[in-house]
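# Sequence first, then the predicted structure, then my questions.
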Amino acid sequence: MKQKSILIVDDEKNIRLTLSQTLESLNIPVQVAVNGEEALRKLQDGTFCLVLLDLRMPGMDGMEVLRWIKDEWPQIRVIIITAHGTINSAVEAMKLGAVDFIQKPFTPGEIRELATLVLEREELDGVSAVDYGALIELSKRFISDRDFATARETIRKAISADPSHPEAYNLLGALFEIKGDWLEAQKFYRAALDIDPTFKPAGTNLERATSWNKFGKIDFGTDTSDSSAKVSNLKDQDEK
Amino acid sequence: MKVLIIGGGKTLFFLSRNFTAKGYEVVIINRNHEECTRLARQLSASVVCGDGSDAVILKEAGAMGADAVLAITPNDQDNLVVCQLASLKFGVPRTVALANDPENAEVFEKMGVSAFTTTNIIGSLIEQHASLEQITNLLPVAQGRVNVTEIVLDVHSPVSGKLIKDIKLPENSLIAVMLRDNQPIVPRGANVLLPGDRIVLITLPENHGQVIKAFTGEYK
Amino acid sequence: MKNNRYIVIVGCGRLGSILANQLSREGNLVVVIDMDDATFNNLSPDFSGFRLQGDATRMPVLKEAKVHKANVFIATTHEDNVNLMAAQVARKIFKVPHVLARVFDPKREEVYAQLGIETICPTSVAADMFFRAVTNRATSHNGECK
């Protein structure tokens, strides 16, 4: 069987060059695409195991490409490349099955480690994964398969294996956010902050979760039926 | 006492005037020729025109025998280097740098240079004074991590007439001392607070607002 | 893995851009920081690293450049004090193993050598080269005379 390749999708030449140079040492064939349209063409023709995808591109943006990939080739794993600053659409991307992000600028080590981690995740299974690290990786794979219910269970197992990591609570919070359960989401973001008050992602998430909640409450006051419809909609997507 | 001040503007002018009035020997280093001429005319301080992070200029300004160096230019990198040169090359025992960017105060301390920042101090002063005129004094300690605040109770204060032990204060705050008719009293639970009492409070930035509110109510 | 290092360069003027281009060409991942994004035009078309606009004496900018992950940090702006401050922060706070700063003033350079910051002083380097050129010429000249 032909070996699967990695596809790099970025409109910036620098980034494509850097990424292909860096990934060379993994001994996996690498291809590049300069925009979303070219990416989809290449995906049709070849067999890929991993896509490194820039969110901000002219024309078809990264989110749209991600949606296509996950609809057409759900087994392909995606690493999202983001510009400086925070990722506003992280939960949105996670809902589509992308759980790995790398922020520009990145170091060669960072990118190689993340790509290896994502690819090695495929080998994990529910029986052999017993320690915290393996369980978290396994739950991330369930997220990329959009099996959110199993992902939640797996994170709970990870937390009972080792309850000292704020990352696990934060991830669980995000999964509840995807489910549309704001109260549970906030509870886990807070739990992450209780362990480490300086853990930034949970802080940002909690802020967003609470402010969206406020927004939801305002919505609630004026048009009750509308906002509750929104919540149930999210739930449907989650369990499908 | 000999003090070197590097910088310009009104802060430098009033600081220098203050120091010379106390009898200190003040030497100012400033890059701007016109400002140097003006300062030399207005103050009884020596003025050296040049770059304070240049060892030649520091030497000319008498850094060798100075007791303290104060760097208050608008550029953090200049303030840091001035202080490091003064202490490492000229052995000045006390150097203090202004951190214009409040985040750099911590950076300077890690580089072994004493730092202060005005942003936090002025920010909290304005916040408090805008609504609460009873607060007569605010002194931040340890780069603003601890506040010492003096407030005067009036008849509207929710704590007037109450026993100290009945006042609910947030955690990590303290009534340090109260002054009644200029007599200091170290407070105990059985002391009663009265209108006109001046109270010195110790608070942290996180509970400062709550503590002030406990003593003044929703007073405007 | 010598040529696959993560290198942060402060200043994208003449010196900074030459270094960035060359180090990037050799396969290193280079991040250049400059206050003025027009200076990024000095980078060659095959420069494959990152550009970051910002003030390198500010912590948020250095954090964004992931200086804590850098193998090498080079400060090349035309302001000695900016270079000295950024280099010290890289060394002392972000613990970068190899830190270099350009310092024009030889007297400032002496002090920072004491603080463990490796400095290169163009003034001293040029003076040294001029000196050698002059003394070499003088000796060979003497030789010819004999």
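Everything's here; your move. Values in this document were obtained by computation on a predicted structure and should not be read as measured data.
# and the closest residue to residue B:92 other than its chain neighbours, what does it touch?
Closest residue to residue B:92 apart from its sequence neighbours, by CB to CB, 6 or more residues apart in numbering or on different chains: residue B:86 at 4.2 Å. For glycine as for every other residue, the C-beta is placed from the backbone atoms N, C-alpha and C. Applying CB atoms under 8 Å, 6 or more residues apart in numbering or on different chains, we find residue B:86 in contact with B:4, B:58, B:63, B:66, B:69, B:92, B:95.
# again with residue B:92
B:4, B:63, B:66, B:67, B:68, B:69, B:86.
# Tell me the most packed of those residues, by neighbour count.
Among those, the one with the most neighbours (other CB atoms under 10 Å in any protein chain shown) is residue B:86, at 30 neighbours.
# how does chain B divide up, domain by domain?
B:2-116, B:121-216 (automatic domain parsing).
# again, but for chain A
A:5-122, A:124-239.
# Out of those domains, flag the one nearest residue B:75.
Comparing these against residue B:75 with CB to CB, the closest turns out to be domain A:5-122 (24.7 Å).
# How far does that closest one stretch from one end to the other?
In domain A:5-122, first residue to last residue: 15 Å (CA to CA, to the nearest Å).
# shaky segments in the chain?
Since no chain was named, I'll use chain A. Chain A contains residues with pLDDT under 70 at A:1-2, A:84-88, A:211-240.
# let's do chain B instead
Scanning chain B for pLDDT under 70 picks out B:120-121, B:123-140, B:142-144, B:218-220.
# Need the three-state assignment for the closest residue to chain A within it.
Minimum separation of chain B from chain A (CB to the nearest CB) falls at residue B:206, amounting to 11.8 Å. Classification of residue B:206 by DSSP: H, G, I helix; E, B strand; the rest coil places it in coil.
# ok, it - how many residues close by?
Taking other CB under 10 Å as the criterion, the count of residues near residue B:206 is 11.
# repeat for the one 10 residues further on
Around residue B:216 sit 22 other residues, with neighbours defined as other CB under 10 Å.
# swap in residue A:142?
22.
# Next up, the contacts around it.
By CB under 8 Å, 6+ apart, the neighbours of residue A:142 are A:148, A:150, A:151, A:154.
# where along chain B do the strands fall?
Here chain B has its strands, by DSSP state E, at B:2-6, B:25-30, B:46-49, B:68-71, B:94-98, B:114-116, B:135-141, B:146-152, B:174-180, B:183-185, B:198-203.
# okay if I get the ones you listed as a markdown table plus distance to residue A:98?
What follows is those, written out as a markdown table (distance: least, CB to CB, whole Å):
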| stretch | distance to residue A:98 |
| --- | --- |
| strand B:2-6 | 53 |
| strand B:25-30 | 56 |
| strand B:46-49 | 60 |
| strand B:68-71 | 49 |
| strand B:94-98 | 46 |
| strand B:114-116 | 43 |
| strand B:135-141 | 46 |
| strand B:146-152 | 46 |
| strand B:174-180 | 51 |
| strand B:183-185 | 65 |
| strand B:198-203 | 46 |
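# need those strands in CSV with distance to chain A, can you?
Formatted as CSV, these follow (distance: least, CB to the nearest CB, whole Å):
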stretch, distance to chain A
strand B:2-6, 35
strand B:25-30, 38
strand B:46-49, 41
strand B:68-71, 31
strand B:94-98, 26
strand B:114-116, 22
strand B:135-141, 22
strand B:146-152, 19
strand B:174-180, 23
strand B:183-185, 38
strand B:198-203, 20
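# Out of those, flag the one nearest residue A:119.
Nearest to residue A:119 among the strands of chain B is strand B:114-116 (47.4 Å), distances taken as CB to CB.
# which stretch among the strands of chain B comes nearest residue C:112?
The closest of the strands of chain B to residue C:112 is strand B:94-98. By CB to CB, the value is 15.9 Å.
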